[in-house]
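[1] Sequence first, predicted coordinates after that:
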Amino acid sequence: MPVILWTDALIYLLVASIGLMLYKQPADGQVRDAFRRLLCSPMAVATGMVLLAFTLVALLDSLHYRPLLQQDTHATPQYSVEVVSVWDALLQPLRAHNEKSYSAPLSQHLYVKENVTLPNGSIIRDYPRLDIAQTAQPSVGCLFVRGLIWGGGMTVFIWILLGVVWARGVRDIWSTLWHDSNTTRRTVLWVSALMLISVATVASLAAHYHVLGTDKIGQDVLYNTLKSIRTGLLIGTLTTLIMLPFSILLGISAGYFGGWLDDVIQYVYTTLNAIPSVLLIAAAVLLMQVYIETHAAMFDSSAARTDFRLLFLCVILGVTSWTGLCRLLRGETLKLRELDYVQAARAFGVSNMRIMLRHILPNLYHLVLISVVMDFSGLVLAEAVLSYVGVGVDPAMQSWGNMINAARLEMAREPVVWWPLVAAFGFMFTLVLSANLFADSVRDAFDPKGTR
């Protein structure tokens, strides 16, 4: 039975809006030309493919449903109270293999000793074998080679498909793949090969081992890390979507009109900046928790409660993070309104709204886009910080912040449990680094004064 959460609807609405906006752009428009320049940058193409892979995971994890329970054919269909996603179904092998407690990456035994009963009845202290390792397993090297072979086969297949699409005829496929000087195509080929081989290798190992180990309650760390991708992307995208209208409308209005309107807007964002954001977010989250406890009947599942808390956190972060971009757009608008073409438009009697939409806003695209991507990176990191201090997403929701928060106490134990922290940090670092590098390319492509 399909289940649509608030964040599911918003993320697919956002994707549809972006697709419609790109489709409606004229063939010779300024935005379309900027996207063409963006596609000519190898760094933008490589990082864009990484971000696209993260987005695909988040979209699959946003298709929720209730599984059908086993029952008689003639009985009324009964559905589970647990809400799962399509991504959970794809990761079912990782989700099903739970252990007792910690196990190191690619290990066959638990990380701590326990009392083990031998076949002769004697009891010794030893490292018990994992449930996933009870049967005979191929070696890590054999599985690694198998993954390389599968990844190489998928790479060849994808390359041939791309060659057919790019080439003018079947005879030109070889020359298109190996002798084409188009840097965009070559970047697509090599990045796709690296991603396919990596995914195939990890999938081959994950069928028989816990690739990134298990956590305190025996859950696979790789599964938790992949499930946290949706939370990180939602924190970044939905919060940015909430803050953009405030930033653009108030920033351009303050810079263009000036006077008392400028003074009021400056007073608002200066006052908001004077309040410690962590305290404001903590107070709002506590109020939201009280609301959930007093209106428990509104939420029919734990997934609905955690989703509502995530959505509320995005709203609070959006309300408290629009001031920086607003101040930046105000300062740039103060400069743009004095330029000759804006003064000429005023002299010809063009309305203020049309001047802001046709002359001011297009020259601010590069600032808006670079700020959006940079704020996205900051918000992904902010989720980890807020979860660390206990005012982030719900503890029952998988997120990199909750993983780091749970791993902080394990760094002081002996032996050290390091892999949950490293896994969360590695995926977060990959997402934030890709977003920052992509932002640099976006700024170069959309800056109207940039060097071509």
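    Yep, that arrived.
[2] Of all the helices and strands in the chain, which has the lowest average confidence?
    helix 173-178 (a mean of 60; mean pLDDT, DSSP states H and E).
[3] Tell me the helix or strand right after that helix.
    Past helix 173-178, further along toward the C-terminus, the next helix or strand under DSSP states H and E is helix 183-206.
[4] and that following helix, what does it pack onto?
    In this structure, helix 183-206 makes packing contacts with helix 42-60, helix 140-166, judged by 3 or more CB pairs under 8 Å, 6 or more residues apart in numbering; DSSP states H and E. All C-beta atoms are positioned from the backbone trio N, CA, C, and that covers glycine.
[5] List the buried residues in the last one.
    Looking back up the chat, that one is helix 140-166. In terms of neighbour count (16 or more other CB atoms under 10 Å), helix 140-166 has its buried residues at 143-144, 146-147, 150-151, 154-155, 158-159, 162-163, 166.
[6] Please apply the same query to stretch 85-95.
    Residues of stretch 85-95 classed as buried: 85, 87-88, 91, 94-95 (neighbour count, 16+ other CB under 10 Å).
[7] what's it in contact with?
    The contact list for stretch 85-95 (CB atoms under 8 Å, 6 or more residues apart in numbering) reads 57, 60-65, 206-207, 220, 222-223, 226-227, 230.
[8] now that stretch: how far from the chain's centre is it?
    Relative to the centre of its chain, stretch 85-95 is centred 18 Å away, using CA atoms, centre = their mean, to the nearest Å.
[9] Quick one: end-to-end length of that stretch, please.
    Distance across stretch 85-95, first residue to last, is 12 Å (CA to CA, to the nearest Å).
[10] now stretch 407-416
    In stretch 407-416, first residue to last residue: 10 Å (CA to CA).
[11] next one: stretch 34-50
    20 Å.
[12] Which element, helix or strand, includes residue 238?
    helix 221-257.
[13] how near is the nearest residue to residue 109 once chain neighbours are set aside to residue 116?
    With sequence-adjacent residues excluded and distances taken as CB to CB, 6 or more residues apart in numbering, residue 109 is closest to residue 127, at 3.9 Å. Between residue 127 and residue 116 the distance, using CB to CB, to the nearest Å, works out to 8 Å.
[14] Residue 301 now?
    Residue 301 sits 39 Å away from residue 116, taking CB to CB as the criterion.
[15] more neighbours, the two?
    residue 301 (16 against 13; other CB atoms under 10 Å).
[16] Leaving out chain neighbours, which residue sits closest to that one?
    residue 83 is the one closest to residue 301 (CB to CB, 6+ apart), at 5.3 Å.
[17] residue ranges with poor pLDDT in this protein?
    Counting by pLDDT under 70, the chain contains low-confidence ranges at 22, 24-31, 70-75, 134-136, 167-182, 447-452.
[18] Can you give me the domain assignment for it?
    Dividing the chain into domains by automatic domain parsing, as the record does, gives the ranges 140-206, 218-446.
[19] Of those, which is nearest residue 131?
    domain 218-446 (8.8 Å; CB to CB).
[20] End to end on that closest one, go ahead and measure it.
    In domain 218-446, first residue to last residue: 48 Å (CA to CA).
[21] residues contacting residue 246?
    Residue 246 is in contact with 318-319, 322, 326, counting by CB under 8 Å, 6+ apart.
[22] can you tell me how far it sits from residue 239?
    As defined by CB to CB, residue 246 lies at a distance of 12 Å from residue 239.
[23] Mind listing the shared neighbours of those two?
    Common contact partners of residue 246 and residue 239 (CB under 8 Å, 6+ apart): residue 318.
[24] mind listing the strands for this structure?
    In order along the chain, the chain carries the following strands (DSSP state E): 2-3, 64-65, 84-85, 114-117, 123-126.
[25] Let's have these in a markdown table, adding distance to residue 407.
    Listed next are these as a markdown table, based on distance: least, CB to CB, whole Å:
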| stretch | distance to residue 407 |
| --- | --- |
| strand 2-3 | 31 |
| strand 64-65 | 27 |
| strand 84-85 | 24 |
| strand 114-117 | 22 |
| strand 123-126 | 26 |
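[26] now for these, which one comes closest to residue 402?
    Taking CB to CB as the criterion, residue 402 comes closest to strand 84-85 out of the strands of the chain, the separation being 17.7 Å.
[27] What strands line up against that closest one, and which way round?
    When pairing is defined by DSSP bridges, strand 84-85 lines up against strand 64-65 (antiparallel).
[28] Contacts for the partner strand next, please.
    1-5, 8, 83-86, 303.
[29] Can you select the buried ones among these for me in PyMOL?
    Written as a PyMOL command, the selection of buried residues from the contacts of strand 64-65, which uses 16+ other CB under 10 Å, is:
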select buried, resi 3+5+8+83+84+85+303
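[30] show me the contacts for residue 62.
    Residue 62 sits next to 5, 7-8, 11-12, 85, 230 when contact means CB under 8 Å, 6+ apart.
[31] swap the cut-off to 10 Å and go again
    Shown in contact with residue 62 (CB atoms under 10 Å, 6 or more residues apart in numbering): 4-5, 7-12, 15, 85-87, 230, 233-234.
[32] Relative to residue 426, which of the residues you listed is nearest.
    The closest of the contacts of residue 62, once distances to residue 426 are taken by CB to CB, is residue 233, at 16.3 Å.
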